[in-house]
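Novice: Model the following, please.
(one chain, ligands or ions: 1)
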Amino acid sequence: MSDPLNNSYYAATANAWKTQPAYTGEGGFDVAVIGGGFTGLSAALACAEKGLQVALFEAQTIGFGASGRNGGQLIPGLRWSMREIDAEFGRERAKAIFDLAYGAVERVKDRIATHGIKCDLKAGHLEAAYKPDHFDAMQRDSEFLATQFGWESNIVQPQDMRRHIDGGGYHGGIYDPQGGHFHPLNYALGLAQAAKAAGVAIFENSSVSADAIDTRAVILATDTWMNDQDRALGRHTIPIMNYNVATASLPDADRLFPSDAAVADSRFVLNYFRLSADKRLLFGGGEKYVQTPPADIAAFVRKHIVEVFPTLADTPIEYAWGGPVGVTMNRLPHIGRKGNVFFAHGFSGHGALVTTLAGELLAEAVTGTMERFDVFANLPHRPFPGGRLFARPLATLGLLYYALKDRL
Ligand SMILES: Cc1cc2nc3c(=O)[nH]c(=O)nc-3n(C[C@H](O)[C@H](O)[C@H](O)COP(=O)(O)OP(=O)(O)OC[C@H]3O[C@@H](n4cnc5c(N)ncnc54)[C@H](O)[C@@H]3O)c2cc1C
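Specialist: Below you'll find the model as predicted:
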């Protein structure tokens, strides 16, 4: 891959995959899926399972976008807590959203098991409180989720945090045994193998646009590249650059992560980290609201590592990479349809699980089953204000405000 941002641990440890041919005008497909990340792959696979002739187009290589670069943190639910969703949308809609958003965990596990995808899946996710009042809110959320929706997670008191992590000085947390972590690129490649086996024609190095393809339906799964497909849709997300590193394998990995959970802290610009299968620290931290990467990504992320694990100040960093996170105004995914074009994007940093489900909902909608799709399609969304020229600067100002609030 030529992208300097993709010197990733995942690319270096990717399972074997035979590059698929570029598109040369083949026809006869019912559905065109544009984008070879989790959303597109899941949609293509689900459409093929419904008996449709499917072509999937990926501009670069499978998993090139956020799906092959992300933190691999499997965090059940959406960016909003169920308490917030319930307050905003009422119990009936909240229950429908819960069933889908939390049911997404099983959809990913089911795909991994059914297709035998080797992607280092591990159980356990810990949300770590950066401030005492964050822990208060987390406990309320966790109790609400358990009593109102039957989703059990464990409240971890500050003094018990060492059962999961030796570092960070966190003020307690929530451990969710149903969450976890995985190797995202290998999950994407596994979905691609499954899609191929189900009869999907996959075209790599094939950048296409929806209006150039003659099929009954088109699925847009291009996330932060949506603007190239449809300007109006593109204005619903902004890309926020996020950076990751992998250290050398850690001799004291088991002491630092006794339960091998993935950890994300509760800040607006969060640190998130976990062990890889070969006991490296995989760490994501620091965001940038401009597209230009820092001159030295490793040094940019190391600052954040040292905040959490001061003893790792000199541990070698062997891979450093980054990618754009597609974020919507309200941080809920934007899913919908425009005629025979169906789209899903803007998972706002919570895409590792929900994208697989979103792909399946897109396939349902293409075949005329709208009920579950509409649960998401009916969520209210607004484009970022400011038009093409000012949307990003304005959004950046807003985001910087929240990042600053965390530091106070
Ligand atoms: C650094 C980083 C860390 C993250 N960490 C986490 C995490 O730990 N947990 C979590 O839940 N979420 C995380 N996310 C978010 C998550 O990765 C995304 O929400 C999810 O992968 C989006 O999947 P997608 O398939 O919709 O989009 P993508 O994976 O971005 O796929 C879109 C694809 O479309 C292709 N494309 C674009 N234009 C065209 C065209 N014209 N023709 C053909 N193909 C085209 C692109 O090449 C790309 O491969 C992270 C994201 C990033 C960037």
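Novice: Would you point out which residue of the stretch 301-408 of the chain is nearest the ligand?
Specialist: Proximity of the stretch 301-408 of the chain to the ligand (C-beta to the nearest ligand atom) peaks at G351, 1.8 Å away. The C-beta positions use only the backbone N, C-alpha and C, and glycine is treated the same way.
Novice: distance of that residue from G35?
Specialist: Relative to G35, G351 is positioned 12 Å away (C-beta to C-beta, to the nearest Å).
Novice: try G63
Specialist: 11 Å.
Novice: same deal with Q20?
Specialist: 14 Å.
Novice: which of the two has more neighbours?
Specialist: Neighbours were tallied for Q20 and for G35 using other C-beta atoms under 10 Å; the higher tally belongs to G35 (29 against 20).
Novice: can you pull out the strands in the stretch 201-350 of the chain?
Specialist: 201-203, 217-220, 237-249, 262-265, 272-275, 280-288, 317-328, 334-338, 341-345 (DSSP state E, counting those that start in this stretch).
Novice: Any idea which of these gets closest to I75?
Specialist: Nearest of the strands of the stretch 201-350 of the chain to I75, taken as C-beta to C-beta: strand 262-265 at 6.7 Å.
Novice: Name the residues of the stretch 301-408 of the chain found near the ligand, please.
Specialist: Residues of the stretch 301-408 of the chain lying near the ligand by C-beta under 6 Å from any ligand atom: 322-325, 345, 347, 349-352, 355.
Novice: any idea which of the residues you listed is closest to G27?
Specialist: Distance ranking of these against G27, using C-beta to C-beta, places H345 first at 26.7 Å.
Novice: so what's that closest one bridging to?
Specialist: For H345, the beta-bridge partners are H334 (DSSP bridges).
Novice: Need phi/psi at the nearest residue to Y175 once chain neighbours are set aside.
Specialist: Nearest in space to Y175, with sequence neighbours left out and distances taken as C-beta to C-beta, 6 or more residues apart in numbering, is N154 at 4.5 Å. The phi/psi pair for N154 (degrees, to the nearest 10) reads phi -110, psi 130.
Novice: From what I see, N154 and P177 are in contact.
Specialist: Yes - using C-beta atoms under 8 Å, N154 makes contact with P177 at a distance of 7.3 Å.
Novice: for the longest helix seen in the chain, packing partners?
Specialist: Assignment by DSSP state H gives helix 91-114 as the longest helix of the chain. If you count contacts as 3 or more C-beta pairs under 8 Å, 6 or more residues apart in numbering; DSSP states H and E, helix 91-114 packs onto helix 82-89, helix 132-149, helix 184-197, helix 351-366, helix 371-377.
Novice: before we move on, back to that, which one of N154 and P177 has more residues nearby?
Specialist: The neighbour comparison of N154 against P177 (other C-beta under 10 Å) goes to N154, with 16 against 13.
Novice: what sits against the closest residue to G40 other than its chain neighbours?
Specialist: Nearest residue to G40, sequence neighbours excluded (C-beta to C-beta, 6+ apart): A221, at 3.3 Å. Taking C-beta atoms under 8 Å, 6 or more residues apart in numbering, we find A221 in contact with 33-35, 37, 39-40, 43, 343-345, 359, 362.
Novice: Let me have those in TSV, adding pLDDT and distance to H115 as columns.
Specialist: Shown next, in TSV, are these (pLDDT from 0 to 100; distance: C-beta to C-beta, whole Å):
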residue	pLDDT	distance to H115
V33	98	18
I34	98	23
G35	98	20
G37	98	17
T39	98	17
G40	99	16
A43	99	15
F343	98	25
A344	98	21
H345	98	25
G359	98	14
L362	98	19
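Novice: would you list those residues in a markdown table and tack on distance to T369?
Specialist: Shown next, in a markdown table, are the contacts of A221 (distance: C-beta to C-beta, whole Å):
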| residue | distance to T369 |
| --- | --- |
| V33 | 17 |
| I34 | 22 |
| G35 | 22 |
| G37 | 23 |
| T39 | 18 |
| G40 | 19 |
| A43 | 14 |
| F343 | 17 |
| A344 | 16 |
| H345 | 21 |
| G359 | 14 |
| L362 | 11 |
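Novice: and which of those is nearest T215?
Specialist: Nearest to T215 among these, with distances taken as C-beta to C-beta, is V33, at 9.5 Å.
Novice: what helix or strand does the closest one sit in?
Specialist: Assigned by DSSP states H and E, V33 belongs to strand 31-34.
Novice: Any part of that strand near the ligand?
Specialist: Yes - with C-beta under 6 Å from any ligand atom as the measure, strand 31-34 is seen reaching the ligand through I34.
Novice: That strand pairs with which strands, parallel or anti?
Specialist: Sheet pairing of strand 31-34 (DSSP bridges) gives strand 54-57 (parallel), strand 217-220 (parallel).
Novice: Ok, which of these comes nearest the ligand?
Specialist: Using C-beta to the nearest ligand atom, these put strand 54-57 closest to the ligand, at 4.5 Å.
Novice: The closest one near the ligand at all?
Specialist: Yes - in terms of C-beta under 6 Å from any ligand atom, part of strand 54-57 sits within range of the ligand, namely F57.
Novice: which residues sit against that strand?
Specialist: Counting by C-beta under 8 Å, 6+ apart, 23, 26, 29-36, 40-41, 44, 47-48, 195, 199-203, 206-208, 213, 215 sit against strand 54-57.
Novice: How about F89, nearest residue that isn't a chain neighbour?
Specialist: F89 sits nearest to I97 (C-beta to C-beta, 6+ apart), 6.9 Å away.
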